[in-house]
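Enquirer: Task: produce atomic coordinates for the following.
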Amino acid sequence: MNEFAQDEQKRAAFDSTPVVDLQTLPPVTPTGQLIAAGANYRQHVIEITVAHQLGDPDASAEALREQAAQEVDERAQNGEPYVWIGSASGMSGAYDDVLLPEVGNDHDWELELGVVIGRDAYRVSEQDAMEYVAGYTICNDITTRSLVPRKDIPMMGTDWMRSKNHPTFFPTGPYIVPAAFVEDPHDLEIRLSLNGTPMQQGNTSDMVFNIPKLISYITSFMSLHPGDMVITGSPQGNGSHWGRFLQAGDVIEGSITGLGTQRNRVRDLSEGKRA
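Expert: Numbering: from 1, shown residues only. Here you go, the predicted model:
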């Protein structure tokens with residue numbers, strides 16, 4: 001009886017522990033593949049175009065905004081997704097600290113819907129794509145903006161490897177919600193705050209290419225396996241837009257409808273991880 005009572009006490013203590021008081025690990029395997037969609041939210045593309053003065057350097061912000069809107073709408077109709085592969089070694093838990101490396105001072109946030117694959121997938125049609133989804137989670141795709149361009153070899157364009165894959169740059173979770181419990185993954189609110197101030201607020205309905213299109217496109221040239229995760233792009237409201245980037249001492253909170261909330265304290269790499 002004493003052993004039974006002790007077991008019940010342990011179970012009761014565990015059941016009453018808030019999840020934020022636990023050290024939660026990423027809900028997907030760190031050995032799985034991480035595939036990311038870039039420039040996949042309409043308003044985000046428009047914001048980035050204006051923030052970085054992409055296009056005509058003499059154009060006004062309003063002219064750049066109109067040009068970007070036309071281009072993204074044309075791409076949605078006749079173009080293809082833009083995807084890249086991230087390193088799963090950059091994943092961390094939903095409540096882990098984000099460690100800023102010494103390089104760069106423009107570390108940015110991009111809260112995204114993560115689509116977790118549940119079956120081997122290769123050459124999957126858009127019509128069948130959702131059958132390969134196990135569930136959904138949250139992932140913050142943190143990026144050092146100044147490391148994106150390669151000034152020494154501009155012909156190669158963007159360098160996502162060095163700008164996005166530092167340890168802790170993909171806080172993921174807190175958990176996976178099975179697909180059966182997410183009524184419409186294309187109608188979820190995405191919100192991120194910095195030190196309590198709202199920064200990102202968007203909806204997955206703003207995706208340029210939806211989840212079936214992304215899965216079909218990705219599996220047209222590579223295979224996906226159970227535990228792999230596709231992150232689907234980020235809505236407007238990044239640090240580039242606000243002119244405010246992550247600093248040691250900041251607290252990021254990110255949530256997506258029905259998928260929980262992340263909370264990450266930002267530290268310099270030299271400070272180390274939370275004990």
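Enquirer: Could you use CA atoms for every contact and neighbour count after this?
Expert: Noted.
Enquirer: surely residue 40 meets residue 81?
Expert: Yes. Using C-alpha atoms under 8 Å, residue 40 is in contact with residue 81, at 7.4 Å.
Enquirer: Residue 169: what's it in contact with?
Expert: 90, 91, 92, 98, 99, 140, 141, 142, 143 (C-alpha atoms under 8 Å, 6 or more residues apart in numbering).
Enquirer: Name the residue in residue 40 and residue 81 with the higher neighbour count.
Expert: Remark: of residue 40 and residue 81, residue 40 carries more neighbours, 25 against 19, as counted by other C-alpha atoms under 10 Å.
Enquirer: Tell me how far that one lies from residue 102.
Expert: Residue 40 is 29 Å from residue 102, where distance means C-alpha to C-alpha, to the nearest Å.
Enquirer: on that earlier part again, quick check: the farthest pair among the contacts of residue 169?
Expert: By the measure C-alpha to C-alpha, 92 and 143 form the most distant pair in the contacts of residue 169, at 14.5 Å.
Enquirer: the more surrounded of those two?
Expert: Counted by other C-alpha under 10 Å, residue 92 and residue 143 do not tie: residue 92 has more neighbours, with 24 against 21.
Enquirer: Surely the more buried one is in contact with residue 168?
Expert: Yes. Counting by C-alpha under 8 Å, residue 168 is a contact partner of residue 92 at 5.0 Å.
Enquirer: list residues touching both of these two?
Expert: By C-alpha under 8 Å, 6+ apart, no residue touches both residue 92 and residue 168.
Enquirer: where along the stretch 101-250 of the chain do the strands fall?
Expert: According to DSSP state E, counting those that start in this stretch, the stretch 101-250 of the chain carries its strands in the segments 107-108, 111-117, 133-140, 143-144, 170-171, 177-178, 189-194, 197-203, 229-231.
Enquirer: Poorly predicted segments of this structure, please.
Expert: 1-15, 272-275 (pLDDT under 70).
Enquirer: tell me the helices in it, going along the chain?
Expert: Assigned by DSSP state H, the chain shows helices spanning 2-15, 42-51, 61-78, 160-164, 211-218, 239-242.
Enquirer: Pull out the buried residues from stretch 217-237.
Expert: 217-219, 224-237 (16 or more other C-alpha atoms under 10 Å).
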